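Asks: After the sequence you'll find the predicted model.
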Amino acid sequence: MLPNDAAGKNAVLSQFVDRFHHDTKFRALAESDAHAALRSVGIKVPNGVRIRFANSAACAVDMMLDRADESMSAALDDDLLMQVTGGVTPIPSAADELRQFLDMFQRWR
């Protein structure tokens, strides 16, 4: 589990980044099983979250902009539309972990 303070989160993320850049076995693990690599430094990723690593900022932008999720249709069905327009959505049990995970990356930038 991640520390609650910003300094602790930064230290954990710095440890991951350092190992990713300097430890070839760790980098191979991160590229093949990102969840296991993150877990090894104390970052728990909620189930269902997909992680891919980009070799450069340009590659990351390409991954985000040019690769639409093929599982998504062009239109939202009524149930999905209600969820984004004020409908009630049950909170998944992993929501707090996901928020914590995303918060760590937002604060690290």
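Replies: Here it is on my side, so go on.
Asks: any low-confidence regions in the protein?
Replies: For the chain, the stretches with pLDDT under 70 are 1-4, 66-76, 81-98, 100, 105-109.
Asks: let's see 80
Replies: The chain contains residues with pLDDT under 80 at 1-8, 52-57, 60-61, 63-109.
Asks: Scan it for its longest helix.
Replies: If you go by DSSP state H, the chain has its longest helix at helix 6-22.
Asks: What residues sit buried inside that one?
Replies: 9, 12-13, 16, 19-20 (16 or more other C-beta atoms under 10 Å). Where C-beta positions appear, they are placed from N, C-alpha and C, glycine not excepted.
Asks: and which of these is nearest to residue 41?
Replies: residue 16 (4.7 Å; C-beta to C-beta).
Asks: Starting from residue 23, give me the distance back to the spatially closest residue to that closest one that is not a sequence neighbour.
Replies: Spatial nearest neighbour of residue 16, excluding adjacent residues (C-beta to C-beta, 6 or more residues apart in numbering): residue 41 at 4.7 Å. Residue 41 is 11 Å from residue 23, where distance means C-beta to C-beta, to the nearest Å.
Asks: What of residue 13?
Replies: 15 Å.
Asks: what does residue 16 give?
Replies: 10 Å.
Asks: do residue 53 as well
Replies: Distance, residue 53 to residue 23, by C-beta to C-beta: 14 Å.
Asks: circling back to that earlier point, shouldn't the residue nearest to residue 16 be in contact with residue 19?
Replies: Yes: under the criterion of C-beta atoms under 8 Å, residue 41 makes contact with residue 19 at 7.1 Å.
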